[in-house]
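Trainee: Sequence plus the predicted model coming up.
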Amino acid sequence: MKRAIVMGGSYAGLFAARVLSDYAEDVVVMEPDLIGDDGLGRRTPQRHQLHALLAMGHTQLERWFPGITDELVKGGALLGEGDDVRFYLDGRLKAPVAEARMFGATRPFLESHLRRRVAAVENVRFCQAQATGLVLRGDGVAGVTTAAPEAEGGETFDAEFVVDAMGRNSPLEDWLAEHGWDTAPVDRMRIDLGYATAAFRRGDELGSTVIAHSSPGPASDYQPTLTEPGALAAVEGDRWSVVLAGYADHRPGPDREEFLRRMRRCVDPIRTVADVSEMIGEVKTYRFVESRRRVHSRLNRFPGGLVVVGDALASVNPVYGQGLTLSALAANALGAYLRSAPSPRDPAWAYFRLAEAVVEGAWQLSTAADLAQPHVTGPYPRGYRVQKWVADRLAEASVRDSAVNAQYMGVVNMQLPPKALTNPRFLARAARVLLSS
């Protein structure tokens, strides 16, 4: 291709630009924001929240940006392996997984390094401009119209291929409707989640711990008095980043003292940080009302040369840390699609099938867990009660047995598909673990 345009320059857009650089002479990344000192634009409202990079997300990061792990670690990020990664269920430490591997860094730190890597690619350039619409010719995309931020006038960029990486509130569907195209069906699940993140000075109070995560238990309704759901990660700058979450009326607020009180109702690692570490700055809150995914493969028509990645494609409950990994896997699906040498004039159905298969796995995991919350009202999939009963038993077995937990966490970390939890040998081992207790 001569030119490809990526609308949106955050994590998903940067990944897509790197992939496109192998297939287009000129890759233009359009981002309306001036990038701040923290490496992110003003329109990234969740930029101060703790972000997880799951094991598969780390694999894709290193695949597309070789050597970036060493670069990030030299800059202060931490790579947790084995016992450095601790997961709790209802306050109980889960069985250890020797192969556990998770990355500790803030979103601005990670994204700023990614941006520098992409900017160093010879055929990629950044353009500070607001995408305002598509240019369509016949049945395909032919360009993007823009407006200069805080200025009159705009410009039209010709392109053979366009990527929507404009996030959860992308206007793409409105633009397509204006041109007479049907909009993609949307699946939704209202979860009414709130979460809050604070930073603390980090010393040696937790030894080698890099990641600790605590979830409500599977056997009963959500009980915040039993253990608060939350997580901490050792991040660059000798800091702990701590996030607490709550649903509906139990959402955390910005009050520092209340945040500390909630931390002291968490598992030991988070309680320890509350007791001995100094909080730095303010508590930052964020609200996530609903999980949402657009399913383009249900359409009969779609413009050629146009794809969607990142939160514009799917945005699921952030408690499960799937967002950055989903963005990377959608870009990876884009690479697989482009390797088949498709015509940019044709609809990218093969891409959407690949990307939606990844989204389906994440959607199954997150919505199944969300439906266990008493305030979430569905829609419930067929056979949900049986599925929940089995999932609860597997979660219980993962607390007690390392082999069960290794496969369980492989699914959680998106290294294995959800069907790995229905493997007969795996189910038999989990059953033996439960029967032997």
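Mentor: That came in fine, so what should we check first? Keep in mind the model is a prediction, meaning the values are calculated, not measured. Numbers count the residues shown, from 1 in each chain.
Trainee: can we go C-alpha only for contacts and neighbour counts from here?
Mentor: OK.
Trainee: The residue nearest to Lys2 when sequence neighbours are not counted and Arg63, how far apart?
Mentor: Nearest non-adjacent residue to Lys2, counting by CA to CA, 6 or more residues apart in numbering: Glu25, 5.0 Å away. Counting by CA to CA, to the nearest Å, the gap from Glu25 to Arg63 is 22 Å.
Trainee: Same check on Asp370?
Mentor: Asp370 sits 32 Å away from Arg63, going by CA to CA.
Trainee: okay, these two: which has more neighbours?
Mentor: More crowded of Asp370 and Arg63, by other CA atoms under 10 Å: Asp370, with 21 against 12.
Trainee: Please read off the pLDDT at the closest residue to Gln415 other than its chain neighbours from the model.
Mentor: What sits nearest to Gln415 in space, not counting adjacent residues and going by CA to CA, 6+ apart, is Met56, at 5.3 Å. With respect to pLDDT, Met56 scores 94.
Trainee: From what I see, Met56 and Thr325 are in contact.
Mentor: Yes. Met56 is in contact with Thr325 according to CA atoms under 8 Å; the separation is 6.6 Å.
Trainee: OK, contacts around Met30?
Mentor: Contacts for Met30 were tallied using CA atoms under 8 Å, 6 or more residues apart in numbering; they are 5-9, 126-131.
Trainee: Looking at those, spot the one nearest Arg400.
Mentor: Gly9 (43.1 Å; CA to CA).
Trainee: Please work out how many residues are found near the closest residue to Ala77 other than its chain neighbours.
Mentor: Spatial nearest neighbour of Ala77, chain neighbours left out: Glu236 (4.7 Å); criterion: CA to CA, 6+ apart. Residues near Glu236, counting by other CA under 10 Å, number 21.
Trainee: Can you report phi and psi for Glu236?
Mentor: For Glu236, the backbone dihedrals (degrees, to the nearest 10) come out as phi -60, psi 160.
Trainee: any idea how far the residue nearest to Arg3 when sequence neighbours are not counted lies from Val121?
Mentor: Among residues not flanking Arg3 along the chain, Asp26 sits closest, at 4.6 Å (CA to CA, 6+ apart). Between Asp26 and Val121 the computed distance is 11 Å (CA to CA).
Trainee: Please enumerate the strands of the stretch 301-437 of the chain.
Mentor: Using DSSP state E, counting those that start in this stretch, the strands assigned to the stretch 301-437 of the chain run over residues 306-308, 314-315.
Trainee: what are the pairing partners of the last one, and which direction each?
Mentor: Pointing back at strand 314-315 there. Applying DSSP bridges, strand 314-315 is found paired with strand 279-294 (antiparallel).
Trainee: Now do the helices in the stretch 101-250 of the chain.
Mentor: Counting by DSSP state H, counting those that start in this stretch, the stretch 101-250 of the chain has helices at residues 107-119, 172-178.
Trainee: what about Trp240, distance to Glu278?
Mentor: Per CA to CA, Trp240 is found 10 Å from Glu278.
Trainee: I'd say the residue nearest to Lys2 and Ala17 touch.
Mentor: No. The criterion here is CA under 8 Å, and Glu25 misses it with Ala17 at 11.8 Å.
Trainee: Please identify which of these two sits among more neighbours.
Mentor: Ala17 (29 against 14).
Trainee: got the angle for whichever strand or helix holds that one vs helix 107-119?
Mentor: Taking DSSP states H and E as the definition, one finds Ala17 inside helix 11-20. With axes from the mean of the first three to the mean of the last three CA atoms, to 10 degrees applied, the angle from helix 11-20 to helix 107-119 works out at 20 degrees.
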